[in-house]
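Engineer: Have a look at this prediction, sequence included:
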Amino acid sequence: MCSRSNRAATLLAATGLSVATLSCTDSGLEPGRGDAGIVFDDELRLTGDVCLSPDTDQVFPVKVLFVVDTSDSMSVTDRSMNRAKAVRAVLQRYQANPAVLFGVIAFDSRVDRLTQGFTNAPDLAAIDTRISQHDRLTDYQGALGGAYTMISEDIVASSAAERARSKYIIIFFSDGTPDPQCSASPTPCGTGECPAHQHCRATVCKDDYLICTVPRKDWSTAFDPPIPVDMYPDLGEGADYNLSTQILRAVDDIMGLQDFYRLGEIRLHTAFLYDPEAAADPLAVPFGLDREGGVALMTSMAEHGLGTFTEFDSASKIDFLSINYTPYIEENGLAGVLATNLSVIDTGDGLEPDSDGDGLTDAQEQAGLTRVAVDKTCSDPADSDGDGYTDLFEERNRASGFDPLDPKKPLTPCADADRLDHDGDLLRDCEEAFLKTDPLQADSDGDHIPDGLEFRAGMDPLDPTDAFADIDRDGVRNLDEVTAHTNPNVAPPPGVQLTRYLYDVAPFTKDTGERCYHLDIRHIKLLTTGKGTNAPLGVNRVLVYFDEAPVGRVLDPGNVRVACADVRFVDGAVKSPSDGVVPLIERCPQVPACPPPPPCMDFKPARSFVQLPFSKSQWSAGDCKNLTSICPPPDAGVP
């Protein structure tokens, strides 16, 4: 744990990887030391080529849900159980494809899940057995409610990235119209209307079932034989049920999940069985098979579900293989490039050093008595009290029981395994758990700003819209301020010209067909860090995020890659690399830290990016390249 001491960044979002090869030069091998009268400028430039991942890396999973009618009429219309055979044919065709998952619901008066969620290894025998049965009525509304619940549960259990890339396909199959129907108010029927508690079937008014008006709790005593209370799961006493308006509203609810959860796609297809020969069978009379009503309703359901309607005129023709269930691949594109210097914070009144890169300026840490540097009593200055939560995070969440100087606040410290940042977004896993962001996705809300950078900038990493808002009302969007490394919370004073990061991003295609971008990022400001502390003097940690996502998927979290380097600047007298230029290349050479290697930065997937605390005793610094020309052990930070 770090003891108390009287010593006391907004990051940019942009993903990175796959860099086109660029030769390292010998420039900057030694730190530049200004001769008398020579002063180094305080800017860094990053330049190089980055290529997109292959399109094949962007496979969108397909989740197929069969909702199959098993009501009594199937005993006449599908005596050979062709519906079960048709479902089995699809399951067997795609069972070996791990990107295609299946769920199955059977419905009559009951709504039964035949799979535990979506799986690519369904129990075919159990599915066959249940679908081959036929009993009771045809509860459309209950079946659609079951589909909504099953899909919702799958969505909630999925990451934001998986949601954005998932395609849900619902196949709704039936041979009849909904039953039981309940009408609490008059309804149109033919050229007239049916009074309350009657419903329209084939232009004829029929009395509602008694169950429509009996409370569910009384079903076991009001009917002989008793009706189980788990039947007709969505039926409410005295309410409309299984009417066209309720059914289409249920379809709309399912389709609404796409926008609410930012899914890749939802489609609901309908298939209707009407066999004229079966309908003429005397055994079919009690079921009142209604082709006209069935076609009209299921066509409307498909229209609301943005799907297709199919009619089978014989059970032998039931076939669900004509629908395309294969995962689809979308072309990758550049979603964003963002650079940041974690050691420099724009306070709104100017740039201030942040020697430990934790999002608090050195002045704020000195005033609040939190730590700034590694020493014998503190191995992680970003976490002054040693409870696993960073100082900025605790300072921002004091109202929720956090305190950056009290290891007992919060009461439950961050577990050792959760003190890492597994997605490279500058939030530790335990911090993401508190914020409810995705610990394995650098950009939880898909606005192409890493979660940690949004948190540092005072934004919401779960709100994709705030990137396009303007907190300080200075006419510049929050996203653009974070990209330029300016403060989105404080408007600059009138007449003040801020120094903004500038980006040149030029696309090109290699002879191999690889699609790449030449990046040139300029005006990255450097400060002399570590003054008045025992932190290494002048170290600045710079990161670049390169974010790619499927073209047209605006809110897809994308694939994020990160490049990182520690550079050095001391009051214009020392600068490393001396020319202030760092090449972005495909892979930096694996060489010892001493003598200092040629300057370069390369990209790693954010999920495998490791950032260790600033330290003057070891400079592996995880995946951050040491370009400071300081070899361990440094001389107490003296240039």
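Structural biologist: Arrived safely, thanks for sending.

Engineer: So which residues of the protein form helices?
Structural biologist: Under the criterion DSSP state H, the chain contains helices at 74-77, 82-94, 124-131, 140-156, 160-165, 219-222, 244-261, 276-279, 291-304, 362-368, 391-396, 429-435, 451-456, 478-484.

Engineer: Dump those helices to CSV, plus mean neighbour count and mean pLDDT.
Structural biologist: Placement of C-beta: from N, CA and C, glycine included. Written out in CSV, the entries for these read as follows (neighbours: other Cβ atoms under 10 Å; pLDDT from 0 to 100):
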stretch, mean neighbour count, mean pLDDT
helix 74-77, 22, 92
helix 82-94, 20, 93
helix 124-131, 16, 93
helix 140-156, 21, 96
helix 160-165, 22, 79
helix 219-222, 13, 89
helix 244-261, 16, 94
helix 276-279, 15, 90
helix 291-304, 18, 94
helix 362-368, 18, 91
helix 391-396, 23, 95
helix 429-435, 20, 95
helix 451-456, 29, 96
helix 478-484, 23, 95
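
Engineer: Tell me how far stretch 373-384 lies from the chain's centre.
Structural biologist: Its chain's C-alpha centre and that of stretch 373-384 lie 33 Å apart, by Cα atoms, centre = their mean, to the nearest Å.

Engineer: Tell me the buried residues in it?
Structural biologist: 373-375, 378, 380-384 (16 or more other Cβ atoms under 10 Å).

Engineer: closest one to R568 among the helices of the chain?
Structural biologist: helix 362-368 (16.6 Å; Cβ to Cβ).

Engineer: Which strands or helices does that closest one pack on?
Structural biologist: Of the remaining helices and strands, those touching helix 362-368 by 3 or more Cβ pairs under 8 Å, 6 or more residues apart in numbering; DSSP states H and E are strand 351-353, helix 391-396.

Engineer: Can you spell out the domain ranges of the protein, please?
Structural biologist: By the record's domain assignment, the chain is partitioned as 32-56+332-381+443-626, 59-178+242-329, 180-240 (automatic domain parsing).

Engineer: Tell me how far the second one lies from the chain's centre.
Structural biologist: Between the mean C-alpha point of domain 59-178+242-329 and the mean C-alpha point of its chain there is a distance of 27 Å (Cα atoms, centre = their mean).

Engineer: do the first one as well
Structural biologist: Domain 32-56+332-381+443-626 sits 23 Å away from the centroid of its parent chain (Cα atoms, centre = their mean).

Engineer: need the contact list for R201.
Structural biologist: For R201, the contacting residues are 177, 181, 288, 290, 293, taking Cβ atoms under 8 Å, 6 or more residues apart in numbering as the criterion.

Engineer: And for F455?
Structural biologist: Counting by Cβ under 8 Å, 6+ apart, F455 makes contact with 392-393, 396, 426-427, 435, 461.

Engineer: Can you give me the distance of it to V562?
Structural biologist: In this structure, F455 and V562 are 17 Å apart, going by Cβ to Cβ, to the nearest Å.

Engineer: any low-confidence regions in the stretch 251-400 of the chain?
Structural biologist: 328-330 (pLDDT under 70).

Engineer: again, but for the stretch 451-600 of the chain
Structural biologist: Low-confidence segments of the stretch 451-600 of the chain, defined by pLDDT under 70, span residues 552-555, 591-596.

Engineer: same thing but 80
Structural biologist: 495-497, 533-535, 550-558, 589-597 (pLDDT under 80).

Engineer: And the strands in it?
Structural biologist: In chain order, the stretch 451-600 of the chain shows strands spanning 502-509, 515-525, 539-550, 559-570, 574-576, 581-584, with DSSP state E, counting those that start in this stretch as the criterion.

Engineer: what's the angle between the third one and strand 515-525?
Structural biologist: If I follow you right, that is strand 539-550. Regarding strand 539-550 and strand 515-525, their directions subtend 150 degrees when assessed with axes from the mean of the first three to the mean of the last three Cα atoms, to 10 degrees.

Engineer: go on, the fourth one?
Structural biologist: An angle of 30 degrees separates the directions of strand 559-570 and strand 515-525 when computed by the same axes, to 10 degrees.

Engineer: ok, back up a step: out of the contacts of R201, give me the one that has the most neighbours.
Structural biologist: Most neighbours among the contacts of R201, by other Cβ atoms under 10 Å: T177, with 27 neighbours.

Engineer: My read is that it contacts T138, right?
Structural biologist: Yes: look at T177 against T138 with Cβ atoms under 8 Å: they come within range, at 7.1 Å.

Engineer: Now do the contacts for the most centrally placed residue in the chain.
Structural biologist: Against the mean C-alpha coordinate of the chain, by Cα atoms, centre = their mean, the closest residue is A160 at 1.8 Å. By Cβ under 8 Å, 6+ apart, the residues touching A160 are 262, 438, 441, 444-446, 557.

Engineer: and with 10 Å instead?
Structural biologist: The neighbourhood of A160, defined by Cβ atoms under 10 Å, 6 or more residues apart in numbering, consists of 261-262, 437-438, 440-441, 443-446, 462, 464, 555-557.

Engineer: now do D418
Structural biologist: Going by Cβ under 10 Å, 6+ apart, D418 touches 388-389, 428-433, 439.

Engineer: Name the residues contacting each of T177 and T138.
Structural biologist: Common neighbours of T177 and T138 (criterion: Cβ under 10 Å, 6+ apart): 73, 242, 287.

Engineer: Take these and write them to JSON lines, including neighbour count and distance to P226.
Structural biologist: Formatted as JSON lines, the shared contacts of T177 and T138 follow (neighbours: other Cβ atoms under 10 Å; distance: Cβ to Cβ, whole Å):
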{"residue": "S73", "neighbour count": "27", "distance to P226": "24"}
{"residue": "N242", "neighbour count": "25", "distance to P226": "22"}
{"residue": "F287", "neighbour count": "23", "distance to P226": "24"}
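
Engineer: Turn the residues you listed into CSV, including distance to H523.
Structural biologist: Conversion of the shared contacts of T177 and T138 to CSV gives the following (distance: Cβ to Cβ, whole Å):
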residue, distance to H523
S73, 73
N242, 65
F287, 76
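
Engineer: any idea which of the residues you listed is the one closest to A315?
Structural biologist: Proximity of those to A315 (Cβ to Cβ) peaks at S73, which lies at 11.5 Å.

Engineer: Ignoring the adjacent residues along the chain, who's closest to that closest one?
Structural biologist: If you skip the residues right next to it in sequence, S73 has F287 as its closest partner in space, 4.0 Å away by Cβ to Cβ, 6 or more residues apart in numbering.

Engineer: wait, the one you found sits on D69?
Structural biologist: No: distance between F287 and D69: 11.6 Å, which falls outside the contact criterion (Cβ atoms under 10 Å).

Engineer: what do the two both touch?
Structural biologist: Residues touching both F287 and D69 comprise 77, 138, 175-176, with contact defined as Cβ under 10 Å, 6+ apart.
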